[in-house]
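Below is the sequence, then the predicted model.
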Amino acid sequence: MTRHASDRQTELVLQNGAVWTVDDSFPRAEAVAIRQSEIVAVGRDSDMEPFIGAGTEVIDLQGRLVLPGFNDAHTHFIGATLRTASGFSLYGVETLQEVQARLRDHAERHPIAEWLMGWRWDSSRFNMDGWPSRADLDVVENRRPVAIFDIDGHSCWVNTCALEALGYTADFPDPEGGQIVRDSQGQPTGILLETAHQPIPRSSALSPKAFSSLLRQEVAKINRLGITSLSNNGVQPEHFETYARMAAEGTLQVRINEWLFLSDGLSRAQRLRQRFQNDDKIRITGLKALLDGVLSAHTAWMLDPYGDAPPGTGFPIVTPEKLLERAIEADAQGFQVLIHAIGDRAVRETLGIYDKVALVNGRRDSRHRIEHVEVAHPDDQKRFAELGVVASMTPVHCTACIDAYIRDRLGEPRGNHAYAWRNLVDQGVHLCFGTDWPAVALAAPNPLEQIFAAVTRTTPQTYGEPVWHPEQRLSVAQAIRSYTLESAYAEFMEGRKGSIAPGKLADLCVLSRNILEVPPAEILETEVTMTIFDGEVVYVKE
């Protein structure tokens, strides 16, 4: 049996593979035929003969697993790309001495930079009791502002010069939705939470040519991980225009679903949506907002006090009432709304917002999303399917931080409600996966590491040890689906990508091992050996 769109010859045929289509009507195949940017046939090797001609490239996959190209459903990829040119990384750094050494080196190599910026500092793994202080940075740099952002982007460590540049003194009030951490005398310590660090400049002075070159370099890296699509949040207009031009020229080898900010209003979003409404490479469908913060900084909004910091329950970054008003307006104009909600209070409030939006505007296939959903009360988990709300989650957000702080923050029985992947799937919820790159404890946005986390609910280091709430683990097939078809569904593109079927875009990846059949530990040893984007082979492992 084969499925095909026509019998004309094609440019590329993949044969002798183990094709996992993520198409329930035709889940397994051996071969795929591709013409230009689309799949035209899926079936047995013997079915491919009509599609092979003198100009057809035939690739023998030697039994390897073929999957749809991975679709990272939540990233800050463009911002991460720019940071490689404008700051220094602290990924993996765990001591103050290492931070100071990297800051000193960066300051010496950038003598005229106005601000010295550090990224991907992981406070949860930092070898220090409590937060560090501005004085720890002042000893290295006391002439220019220094800002070091936590890996999740929700907290920032600054020196005294930065506090002065921001105008933050003992008398300066905390901004709405943020906190300036203070000492016993009321003086700012150098830690800024949530909206308190928003005034820090983040723009890059890269020229369009330099940015496009850097972007091609970073896209090539994720192509090597099998990624062919991603959703991005956070891009300046000039950088958006550069990558839009690259897409039109055929030099952008990834599909980008760009989220604008809900708080920025609808006029620009409407113009861009109209401009790209028939574009397969760039999509403008969703508007993002944040309701709360993160568990690591105790800023996620909880129903009950934190287990390790009572009576604190976190706080909303914006009032639900204001967010509801904006969501009603966006929904009325046909936009998808995506709300960051990590704590169980924030999740409950967001579901309430979406319910009220539907009551005001009428119910439709809106596919509004909640990003992260790290803790959700059982009463609220069932509401996702009832309201048609998509759950967008990052498995490694769970596994990388269980021992670092999650157990302490949540306690039991609240741990039963955390990262409830299996509960959501079993209740018919559309669950998509993304890395939240670079706000994740990974060296690279590797989908296979996320799939391993979803399947085992452990880290590579803790695999084989007792599992925290093992009942929430997923099968490999479900984890793949959440990284492909469900991610496409979450951006209204399941008709064009996310599974291997005739008429769909030819975005595929080939793996060195069949992760559907090997022991879970071997998922981490598996590599992407080939990536096909838009019908073209863009990566082959040497």
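Alright, I've got the coordinates. Only a predicted model underlies this, so the values are computations on that prediction, with no experimental measurement involved.

which residues are contacting stretch 216-228?
67, 69-72, 77, 80-81, 84, 230, 246, 251-255, 444-448, 497, 507-509, 511, 528, 531-533, 538-539, 541 (CB atoms under 8 Å, 6 or more residues apart in numbering). Using the backbone N, CA and C atoms, a C-beta is placed for each residue, glycine as well.

And these, which of them are buried?
Neighbour-count burial (16 or more other CB atoms under 10 Å) applied to the contacts of stretch 216-228 gives 67, 69-72, 77, 80-81, 230, 246, 252-255, 445-448, 497, 507-509, 511, 528, 531-533, 538-539.

In strands only, show me the contacts of stretch 216-228.
67, 70-72, 230, 255, 508-509, 511, 528, 531-533, 538-539 (DSSP state E).

Outline the domain layout of the chain.
3-63, 115-197, 209-530 (automatic domain parsing).

now the ones you listed in JSON lines, with mean pLDDT and distance to T95?
Shown next, in JSON lines, are the domains of the chain (pLDDT from 0 to 100; distance: least, CB to CB, whole Å):
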{"stretch": "domain 3-63", "mean pLDDT": "92", "distance to T95": "44"}
{"stretch": "domain 115-197", "mean pLDDT": "94", "distance to T95": "5"}
{"stretch": "domain 209-530", "mean pLDDT": "96", "distance to T95": "16"}
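
Tell me which of the ones you listed sits nearest to F88.
Taking CB to CB, domain 115-197 is the member of the domains of the chain nearest to F88, at 5.3 Å.

now the closest one, how far from the centre of its chain.
25 Å (CA atoms, centre = their mean, to the nearest Å).

and it, how far apart are its ends?
14 Å (CA to CA, to the nearest Å).

now the helices for the stretch 201-350 of the chain?
Assigned by DSSP state H, counting those that start in this stretch, the helices in the stretch 201-350 of the chain fall at 208-223, 237-249, 267-275, 320-332, 344-361.

and if you look at the stretch 401-542 of the chain?
All helices of the stretch 401-542 of the chain, identified by DSSP H, counting those that start in this stretch, fall at 407-410, 421-426, 447-456, 476-482, 485-489.

Dump these into CSV; add distance to R202 as well.
As requested, those are exported to CSV (distance: least, CB to CB, whole Å):
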stretch, distance to R202
helix 407-410, 28
helix 421-426, 32
helix 447-456, 26
helix 476-482, 31
helix 485-489, 27
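
To H469, which of these lies closest?
Using CB to CB, the helices of the stretch 401-542 of the chain put helix 421-426 closest to H469, at 9.3 Å.

Which residues does that closest one contact?
Under CB under 8 Å, 6+ apart, the answer for helix 421-426 is 373, 378, 381, 384, 391, 393, 395, 431, 454, 471-474, 478.

Equivalent analysis for stretch 208-215, please.
Contacts of stretch 208-215 (CB under 8 Å, 6+ apart): 78, 81-82, 84-85, 204, 206, 238-239, 241-243, 245-246, 251-252.

what do you get if the cut-off is 6 Å, keeping everything else the same?
T81, A85, H239, T242, M246 (CB atoms under 6 Å, 6 or more residues apart in numbering).

and the residues you listed, which two are the farthest apart?
Going by CB to CB, the pair spanning those furthest: A85 and M246, at 16.8 Å.

doesn't R513 make contact with V528?
No - taking contacts as CB atoms under 6 Å, V528 lies outside contact range of R513: 10.7 Å.

A309 - nearest residue in space that isn't next to it in sequence?
The shortest distance from A309 to any non-neighbouring residue, by CB to CB, 6 or more residues apart in numbering, is to H298 (5.3 Å).

residues contacting that neighbour?
Y306, A309, G312.

what do you get for I59?
I59 neighbours (CB under 6 Å, 6+ apart): L14.

who's in contact with stretch 237-255?
Residues contacting stretch 237-255 (CB under 6 Å, 6+ apart): I78, P208, F211, S212, V219, N223, S229, K281, I282, F533, V538.

ok, now stretch 184-191?
Taking CB under 6 Å, 6+ apart as the rule, stretch 184-191 contacts W131, S133, R134, W157, V158, L163, Y168, A170, I180, V181, R182, D183.

repeat for stretch 257-277
231-233, 282-284, 286-289, 326, 333, 491.

Got a PyMOL select line for the buried ones in those residues?
To isolate the buried ones among the contacts of stretch 257-277 in PyMOL, judged by 16+ other CB under 10 Å, type:
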select buried, resi 231+232+233+282+283+284+286+287+288+289+326+491
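
out of the contacts of stretch 257-277, what pair is the most spread apart?
I282 and R326 (23.8 Å).

quick revisit: among the contacts of helix 421-426, which one sits closest to R44?
Nearest to R44 among the contacts of helix 421-426 is Q478, at 26.2 Å by CB to CB.

Any figure for the gap between that closest one and A327?
Going from Q478 to A327 by CB to CB, to the nearest Å gives 30 Å.

repeat for T160
40 Å.

okay, these two: which has more neighbours?
Neighbour count, other CB atoms under 10 Å: between T160 and A327, A327 has more, with 26 against 18.

any idea how far Q336 is from the more buried one?
Per CB to CB, A327 is found 10 Å from Q336.

Quick check: the residue lying closest to V537 once chain neighbours are set aside vs F26, distance?
Here the nearest residue to V537 in space, its sequence neighbours aside, is M530; by CB to CB, 6+ apart that works out to 6.4 Å. Separation of M530 from F26 (CB to CB) stands at 22 Å.

So which of the helices of the stretch 401-542 of the chain is nearest G53?
Counting by CB to CB, G53 lies closest to helix 485-489 out of the helices of the stretch 401-542 of the chain; the figure is 30.8 Å.

now what about the closest one, what contacts it?
Contacts of helix 485-489 (CB under 6 Å, 6+ apart): V22, N71, A73, H430, L431, C432, E494, K497, G498, S499.

Grab the two from the residues you listed that are most spread out in space.
L431 and K497, at 17.4 Å, using CB to CB across those.

Would you agree A385 is in contact with Q427?
Yes - A385 lies in contact with Q427 (CB under 6 Å); the separation is 5.2 Å.

before we move on, back to that, quick check on the contacts of stretch 184-191: which are buried?
Buried residues within the contacts of stretch 184-191, counting neighbours by 16+ other CB under 10 Å: W131, S133, R134, W157, V158, L163, Y168, I180, V181.

Distance to P519 added to these, as a markdown table?
Putting the buried ones among the contacts of stretch 184-191 into a markdown table (distance: CB to CB, whole Å) gives the following:
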| residue | distance to P519 |
| --- | --- |
| W131 | 41 |
| S133 | 46 |
| R134 | 49 |
| W157 | 41 |
| V158 | 46 |
| L163 | 52 |
| Y168 | 52 |
| I180 | 49 |
| V181 | 45 |
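
ok, of these, which one's closest to V40?
W157 (53.8 Å).

if I look at the residue nearest to Q100 when sequence neighbours are not counted, how far off is E108?
Spatially, and ignoring its direct neighbours in sequence, Q100 is nearest to V140 (5.0 Å; CB to CB, 6+ apart). Distance, V140 to E108, using CB to CB: 10 Å.

ok, these two, which is more surrounded?
Neighbours were counted for V140 and for E108 using other CB under 10 Å; V140 has more, 18 against 8.

and that one, what does it touch?
Q100, L103, R104.

just the buried members of these?
L103.

pLDDT and secondary structure added to the contacts of V140, as CSV?
Conversion of those to CSV gives the following (pLDDT from 0 to 100; DSSP: H, G, I helix; E, B strand; the rest coil):
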residue, pLDDT, secondary structure
Q100, 96, helix
L103, 96, helix
R104, 97, helix
